[in-house]
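Chemist: I would like the atomic coordinates for the input below:
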Amino acid sequence: MFRGIVELIEDQPHYKIVSKDDAAARLKAERKGGLLGGTEDVEIWVEGEPSGPVSVHMKADARVGLLSLGQGKRSIREFTRLLHYRQS
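Modeler: Residues are numbered from 1 along each chain as shown. I've put the predicted structure just below:
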């Protein structure tokens, strides 16, 4: 699952992976764009056993603060939709 997430992020032109820890199934990335063209710090991690159910967690924080106007939530929804389509 984690490898698929890494590939999904690498395929998105507005994401840039900053750090990745395969053993911990965690990555940090920057997402550029959004409503005001700012940058978000994105963190994604996977919990669970490879042969069983897993949980994917994502956090997106705008560097500008209040001016993000909810872009973090939109980024998470976009990523969830892309991941769902990739998995089906």
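
Chemist: could you give the mean pLDDT of stretch 50-57?
Modeler: Confidence for stretch 50-57, expressed as mean pLDDT, is 86.

Chemist: Pull out the buried positions in that stretch.
Modeler: Val56 (16 or more other CB atoms under 10 Å). (C-beta placed from N, C-alpha, C; glycine too.)

Chemist: how far does it stretch from start to finish?
Modeler: 15 Å (CA to CA, to the nearest Å).

Chemist: got it, and stretch 31-39?
Modeler: Using CA to CA, first and last residues of stretch 31-39 are 6 Å apart.

Chemist: Stretch 31-38 now?
Modeler: Stretch 31-38 end-to-end distance (CA to CA) = 8 Å.

Chemist: What of stretch 30-41?
Modeler: End-to-end distance (CA to CA), stretch 30-41: 5 Å.

Chemist: before we move on, what about stretch 27-41?
Modeler: Start-to-end, stretch 27-41 (CA to CA) is 11 Å.

Chemist: in that stretch, what's buried?
Modeler: Result for stretch 27-41 [16+ other CB under 10 Å]: buried residues Leu27, Ala29, Arg31, Gly34, Gly38, Glu40.

Chemist: Quick one: residues in contact with that stretch.
Modeler: 5-6, 9, 14-21, 42-45, 60-64, 67-69, 71-72, 74-75 (CB atoms under 8 Å, 6 or more residues apart in numbering).

Chemist: The buried residues of stretch 27-41: which two are farthest apart?
Modeler: Leu27 and Gly38 (20.1 Å; CB to CB).

Chemist: so how far is the lengthiest helix in the chain off the chain centroid?
Modeler: Criterion DSSP state H: the longest helix present in the chain is helix 71-87. Computed by CA atoms, centre = their mean, to the nearest Å, the chain-centroid distance of helix 71-87 equals 8 Å.
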